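**Q** Please find the sequence and the predicted model below.
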Amino acid sequence: MAELLTLAEAVRQLVRDGDTVALEGFTHLIPVAAGQEIIRQGRRDLTLVRMTPDIVYDQLIGAGCARKLVFSWGGNPGVGSLHRFRDAVQNAWPARLEIEEHSHAGMANRYVAGASGLPFAVLRGYVGTDLVHQTDTIKPITCPFTGETLTAVPALNPDVTVVHAQRADREGNVQIWGLLGVQKEAVLAAKRSLVTVEEIVDRLDPKPGAITIPGWAVTCVAEVPGGAHPSYAQDYSERDNTYYQEWDAISRDRTTFATWLEKLK
């Protein structure tokens, strides 16, 4: 059964310097509040993992939390570049950032392999792409049945996976619906997991299209209303498009970003 904690307590207990940390969510239900709490607690030397790193990863990178980024696309959705990410890669500010780039399918299948207890996943999609030559964790493999050349990618087993969801019950069973990414797979693949939720309820009522992440797979649950802002939580909040636009100006300049960071802390 998952433990019910405050967000600060959960991050303090679960996220450690040097960890591999995945904050997953696709356009919807992005665990921004949890990412910002990691910044507040000053975690360092993290390997950050995410299929689509957006502004919360820009914030984590700019705050000096990250050593490496494992990803398949990065940007400020609907606006443009991630300027703190770009500054770290091009200018090593505030620190050098190592990158490991995959496709969306590669990242999703790496989580599935990790959740399944398998050492790697096999795909066709990398064959003929330049990623095979740029990323050390993509290797050719020969099918033992057909002789076809495929590619293998290692399983992802984060030290900590963090996701946001609509609600959980008091035993830590999590109910999530709407536009989903790889939240379930990322939680099941992780050694430890934190789910922030809009609300904790006594009982999870049936919801069309919802999935449930069982409490036995979740380490901690924290009630954080609005924890996905500026992304949205279906049936609870709307996407704050202005925030994404304003972030572009904040993140372009190191001094402006430093002012924002000081206010966050």
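**A** Yes, it's here.
**Q** Next one: the nearest residue to Tyr243 once chain neighbours are set aside from Gln245, what distance?
**A** The shortest distance from Tyr243 to any non-neighbouring residue, by CB to CB, 6 or more residues apart in numbering, is to Pro230 (3.6 Å). Where you see a C-beta, it was placed from the backbone N, CA and C, and this is true even at glycine. Separation of Pro230 from Gln245 (CB to CB, to the nearest Å) stands at 10 Å.
**Q** The two - which one has more neighbours?
**A** Pro230 (21 against 14; other CB atoms under 10 Å).
**Q** quick one, what contacts the more buried one?
**A** Shown in contact with Pro230 (CB atoms under 8 Å, 6 or more residues apart in numbering): Val32, Ile55, Arg239, Asp240, Asn241, Tyr243, Tyr244.
**Q** Which pLDDT value does the model give the fifth one?
**A** Right, Asn241. The model reports Asn241 with a pLDDT of 97.
**Q** one step back: what helix or strand does the residue nearest to Tyr243 sit in?
**A** Following DSSP states H and E, there is no helix or strand that holds Pro230.
**Q** what pLDDT does it get?
**A** So Pro230 comes in at 98 (pLDDT).
**Q** measure it to Pro206 for me?
**A** 30 Å.
**Q** for Gln59, same thing?
**A** 36 Å.
**Q** more neighbours, those two?
**A** The neighbour count for Gln59 versus Pro206, taken as other CB under 10 Å, is higher for Gln59 (25 against 7).
**Q** Surely Ala165 and Gln175 touch.
**A** Yes. The pair formed by Ala165 and Gln175 meets the contact definition of CB atoms under 8 Å, at 6.6 Å.
**Q** Between those two, which is the more surrounded one?
**A** Ala165 (29 against 19).
**Q** Show me what the more buried one is bridged to.
**A** Counting by DSSP bridges, Ala165 forms beta bridges with Val197.
**Q** pLDDT wise, what is it at?
**A** 98.
**Q** How much space separates it from Tyr243?
**A** In terms of CB to CB, Ala165 sits 21 Å off from Tyr243.
**Q** which residues in the stretch 101-250 of the chain form strands?
**A** 120-123, 139-142, 149-154, 160-169, 174-176, 192-201, 211-213, 220-223 (DSSP state E, counting those that start in this stretch).
**Q** Now render the ones you listed as JSON lines, adding distance to Val15.
**A** Shown next, in JSON lines, are the strands of the stretch 101-250 of the chain (distance: least, CB to CB, whole Å):
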{"stretch": "strand 120-123", "distance to Val15": "26"}
{"stretch": "strand 139-142", "distance to Val15": "30"}
{"stretch": "strand 149-154", "distance to Val15": "22"}
{"stretch": "strand 160-169", "distance to Val15": "5"}
{"stretch": "strand 174-176", "distance to Val15": "19"}
{"stretch": "strand 192-201", "distance to Val15": "8"}
{"stretch": "strand 211-213", "distance to Val15": "19"}
{"stretch": "strand 220-223", "distance to Val15": "11"}
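**Q** just the ones you listed: most buried one?
**A** strand 160-169 (a mean of 27; mean count of other CB atoms under 10 Å).
**Q** Which elements pack onto that strand?
**A** strand 20-23, helix 32-40, strand 174-176, helix 183-189, strand 192-201 (3 or more CB pairs under 8 Å, 6 or more residues apart in numbering; DSSP states H and E).
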